[in-house]
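Novice: Sequence isn't available, so here's the structure alone:
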RNA sequence: GUCCCCGUAGUUCAAUGGAUAGAACGGCCGCCUCCUAAGCGGCAAAUGCAGGUUCGAUUCCUGCCGGGGACACCA
């Protein structure tokens, strides 16, 4: 049974009869009649009809619906507990966070919140890039400038300066390479420098997370460096399993499922000819840790689509080598790359990346101008608060509402639109309801009584309210927050129609009470849903 | 060369194999003596092409056209 495609057919429709009739060798209409006769939906459905080749259309009774969405019921029913590890955000600590980190960060965070709300044990894993060759370069540069941590105020500039030294000075470049070796062998002095750098860079990230309303904390950070000590063991196990092959001096694994038509097999390089490890090795260690130590039943990776092949290889090898048990699901949830209008990876005019802080500044600035134009009478403090919620919300929603795995073009005006299918539309619906309560001197906590669904707009609103749980279940299963965006958009839209057609405060006392309760349920659902997306709401706007 | 992903209104996005392909922006036409017009109502506008499977295909299969990405010692 699924939500009906068109309202005139009913509220829900069952399409399974037609397929079942075929395998049973019966006429679809006859089977549909038999199914409907066996159905006991007294008190639930108002009507059950058979239409077309064998559709069963169900219209819920308004009384049943009103009871389903009653304020006495929990908005969300928890599911069976299971452990889900979510790998998201994972910026490179060598540089500052830029717009390319947005999708992984906010989609992963929304999924973490939704799964938690559904009762799962969620473990966030921020797999930051804090290890490898570029950190040798950064440490060497840090040594040169001494304890001047003010130079780390702008990580982007620091990185560029280090890179310039590396490219122009061979002595520096050699020193940088030696620092990589020193790091990997555990040299105390070099490690101390490295820790200093990582600490400051992580603080930069945390500031962005806080501003974005992302729930990641320092404890969730589990960088590549944390797996360093496990890598030799990974290689040893692969060797014991007879999976390693030496090829051009490197230790590789050739899995037959990665053979092409031409018979060539794509290698998975585990250890370089110089003895160094690669990210496949680290990801194998991470997968083993998540399944073994964290006891994950499901591991979700929110990572750029360009790493699809890499993850297919890592997942296949992790199972083959026994690092990950059969009953632990490994899922890569890819998303497209953000491009500029020229179709190339997104850059600013001067060739640099757009920092996340710059995007958020622009968003808040535009939102503040709009709030000020629309509500000049509000105190500045409140206008700034609204601008923050609206601006940041718009940016997050613009990304959360898309499901594309193909590349997409970054556009300021699209991302910072405040009209139509946007976060501000949802926030506006919330503020209209809270403002209605305020206007009517209604205490939200004190609203009591039953919901009654009589007008078409009320029934439609009730139907949508009743689909919150199934929407969250879909989001959890498909790992697709855009389904929740679509749901909330529909709910807000239904509310706007209700608002136009059904007066609340001026209605007769019994109708007024029922409608206030309906509004109460709508605002609670909108707030909860937006909260799961990590988007703030406001009392007025 | 091999492998993967994607082609839906002018634009940005939807659509467990289901009925007349939904929204939003933009465009055009309307609606504030009435709980916030960041809103509501209406109109025009789309499945790249050709086959196949199916009672039924945007969805599954094949081919073609077009776009993107990944493929040995970066991550």
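Specialist: Alright, I've got the coordinates. Worth saying up front: this structure is predicted, and the values here are computed from it rather than measured.

Novice: any idea how far residue A:306 is from RNA strand B?
Specialist: Residue A:306 sits at a distance of 4 Å from RNA strand B (criterion: CB to the nearest atom of the strand, to the nearest Å). C-betas here are computed from N, CA, C, even on glycine.

Novice: Quick check: closest non-adjacent residue to that residue.
Specialist: residue A:337 (6.7 Å; CB to CB, 6 or more residues apart in numbering).

Novice: pLDDT score for that neighbour?
Specialist: In this model, residue A:337 is scored at 81, pLDDT.

Novice: Tell me who's in contact with it.
Specialist: A:100, A:304-306, A:345, A:407-408 (CB atoms under 8 Å, 6 or more residues apart in numbering).

Novice: quick one: what helix or strand has the nearest residue to residue A:315 once chain neighbours are set aside in it?
Specialist: Spatial nearest neighbour of residue A:315, excluding adjacent residues (CB to CB, 6+ apart): residue A:330 at 4.5 Å. Using DSSP states H and E, residue A:330 falls within strand A:329-332.

Novice: Tell me which strands that strand pairs with, and in which orientation.
Specialist: Paired with strand A:329-332 in the same sheet, following DSSP bridges, are strand A:298-301 (parallel).

Novice: check whether the strand it pairs with contacts RNA strand B.
Specialist: No. Shown here: strand A:298-301 not in contact with RNA strand B (CB under 7 Å from any atom of the strand), separated by at least 12.9 Å.

Novice: mean confidence for that strand?
Specialist: 98.

Novice: residues making contact with that strand?
Specialist: If you take CB under 8 Å, 6+ apart as the criterion, strand A:298-301 is touched by A:82-88, A:108, A:111, A:287, A:290-291, A:311, A:328-333, A:479.

Novice: Please flag which of the residues you listed sit within strands.
Specialist: A:83-87, A:329-332 (DSSP state E).

Novice: who wins for most neighbours among the residues you listed?
Specialist: Among the ones in strands among the contacts of strand A:298-301, the one with the most neighbours (other CB atoms under 10 Å) is residue A:86, at 27 neighbours.

Novice: which residues does residue A:59 form a beta bridge with?
Specialist: Assessed by DSSP bridges, residue A:59 has beta-bridge partners residue A:47.

Novice: Count the neighbours of it for me.
Specialist: 19.

Novice: roughly how far apart are it and residue A:446?
Specialist: Distance, residue A:59 to residue A:446, using CB to CB, to the nearest Å: 34 Å.

Novice: swap in residue A:304?
Specialist: Per CB to CB, residue A:304 is found 49 Å from residue A:446.

Novice: where along the stretch 301-450 of chain A do the helices fall?
Specialist: Per DSSP state H, counting those that start in this stretch, the stretch 301-450 of chain A carries helices over the ranges A:308-320, A:356-374, A:380-400, A:412-415, A:423-439.

Novice: which stretch in these has the least confidence?
Specialist: helix A:412-415 (a mean of 81).

Novice: tell me which residues in that helix are buried?
Specialist: residue A:415 (16 or more other CB atoms under 10 Å).

Novice: again with stretch A:305-312
Specialist: A:305, A:310-312.

Novice: Out of the contacts of residue A:337, show me where the pLDDT dips lowest.
Specialist: Minimum pLDDT for the contacts of residue A:337 is recorded at residue A:345 (64).

Novice: one step back: buried deepest among the helices of the stretch 301-450 of chain A, which one?
Specialist: helix A:380-400 (a mean of 22; mean count of other CB atoms under 10 Å).

Novice: How about the contacts made by the closest residue to residue A:200 other than its chain neighbours?
Specialist: Leaving aside its sequence neighbours, residue A:200 sits nearest to residue A:152 (CB to CB, 6+ apart; 4.7 Å). By CB under 8 Å, 6+ apart, the residues touching residue A:152 are A:158, A:197, A:200-201.

Novice: Residue nearest the middle of chain A, spatially speaking?
Specialist: residue A:107 (1.5 Å; CA atoms, centre = their mean).

Novice: Residue A:190 is in contact with residue A:182, isn't it?
Specialist: Yes. Between residue A:190 and residue A:182 there is a contact at 4.2 Å, judged by CB atoms under 8 Å.

Novice: these two touch, right, residue A:433 and residue A:498?
Specialist: No. Judged on CB under 8 Å, residue A:433 makes no contact with residue A:498 at a distance of 10.4 Å.

Novice: which stretches of chain A have low pLDDT?
Specialist: Within chain A, the ranges that satisfy pLDDT under 70 run A:147, A:340-352.

Novice: Give the next helix or strand downstream of the lengthiest strand in it.
Specialist: Using DSSP E, we find that the single longest strand of chain A is strand A:250-259. Moving toward the C-terminus from strand A:250-259, the next helix or strand (DSSP H and E) is strand A:265-271.

Novice: Could you give me the buried positions within that following strand?
Specialist: A:265, A:267-271.

Novice: next one: stretch A:402-422
Specialist: In stretch A:402-422, counting by 16+ other CB under 10 Å, buried: A:402, A:408, A:410, A:415-418, A:422.

Novice: Quick one: end-to-end distance for it.
Specialist: End-to-end distance of stretch A:402-422 (CA to CA, to the nearest Å): 11 Å.

Novice: do that stretch and RNA strand B meet at all?
Specialist: Yes. Judged by CB under 7 Å from any atom of the strand, stretch A:402-422 comes into contact with RNA strand B through A:402-409, A:414, A:417-422.

Novice: how near is the residue nearest to residue A:306 to residue A:406?
Specialist: Distance, residue A:337 to residue A:406, using CB to CB: 9 Å.

Novice: Need the overlap of contacts for these two.
Specialist: With CB under 8 Å, 6+ apart as the test, residue A:337 and residue A:406 both reach residue A:305.

Novice: quick one: contacts for the residue in the stretch 151-300 of chain A positioned nearest to RNA strand B?
Specialist: RNA strand B sits closest to residue A:260 of the stretch 151-300 of chain A, with a gap of 2.2 Å, by CB to the nearest atom of the strand. With contacts defined as CB under 8 Å, 6+ apart, residue A:260 is in contact with residue A:266.

Novice: on that earlier part again, mind putting the ones in strands among the contacts of strand A:298-301 in JSON lines, distance to residue A:9 included?
Specialist: What follows is those, written out as JSON lines (distance: CB to CB, whole Å):
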{"residue": "A:83", "distance to residue A:9": "41"}
{"residue": "A:84", "distance to residue A:9": "36"}
{"residue": "A:85", "distance to residue A:9": "42"}
{"residue": "A:86", "distance to residue A:9": "38"}
{"residue": "A:87", "distance to residue A:9": "42"}
{"residue": "A:329", "distance to residue A:9": "36"}
{"residue": "A:330", "distance to residue A:9": "40"}
{"residue": "A:331", "distance to residue A:9": "35"}
{"residue": "A:332", "distance to residue A:9": "38"}
